[in-house]
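A.B. asks: Structure for the following, please:
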Amino acid sequence: MDKKIFLILIIIYNILYIYIILSRVKIDTIQSSTNSIKVLTFNVEYGFTELIFNQISKIDADIVVLQEANSVFINSSGYMMSQIADLLNMYYLSSGGD
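C.D. replies: Next comes the predicted model:
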């Protein structure tokens, strides 16, 4: 019985963690009716999970920019945001301090 309660708590924790991470990723889309260029920017503040990676990889935009709020941020896989942007073939904007 204790194992079931523990597993339920782990599941609840993971759901809350994913919700918190997703709530801190701001997605802004800029579109203009005068041209067909679609620009999408991501401002990653705290976390970068595989779920967010999958969400970003399905983007339908001409220009995609990944911007991090903190230049020393490294995600849970050990990659820096500049490396992730490069892997996803995106532009990278560092934080204001760089």
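A.B. asks: got the contact list for residue 5?
C.D. replies: Not one residue lies near residue 5 by Cβ atoms under 8 Å, 6 or more residues apart in numbering. All C-beta atoms are positioned from the backbone trio N, CA, C, and that covers glycine.
A.B. asks: Residue 3 now?
C.D. replies: Residue 3 makes contact with no residue, according to Cβ under 8 Å, 6+ apart.
A.B. asks: That one belongs to a helix, doesn't it?
C.D. replies: Yes - counting by DSSP: H, G, I helix; E, B strand; the rest coil, one finds residue 3 located in a helix.
A.B. asks: Would you check how far apart it and residue 9 are?
C.D. replies: Separation of residue 3 from residue 9 (Cβ to Cβ, to the nearest Å): 11 Å.
A.B. asks: Overlap of the contact sets of those two?
C.D. replies: With contacts defined as Cβ under 8 Å, 6+ apart, no residue is shared by residue 3 and residue 9.
A.B. asks: hey, which helix or strand in the chain has the poorest pLDDT?
C.D. replies: Averaged element by element with mean pLDDT, DSSP states H and E, the chain has its least confident helix or strand at strand 25-31 (a mean of 54).
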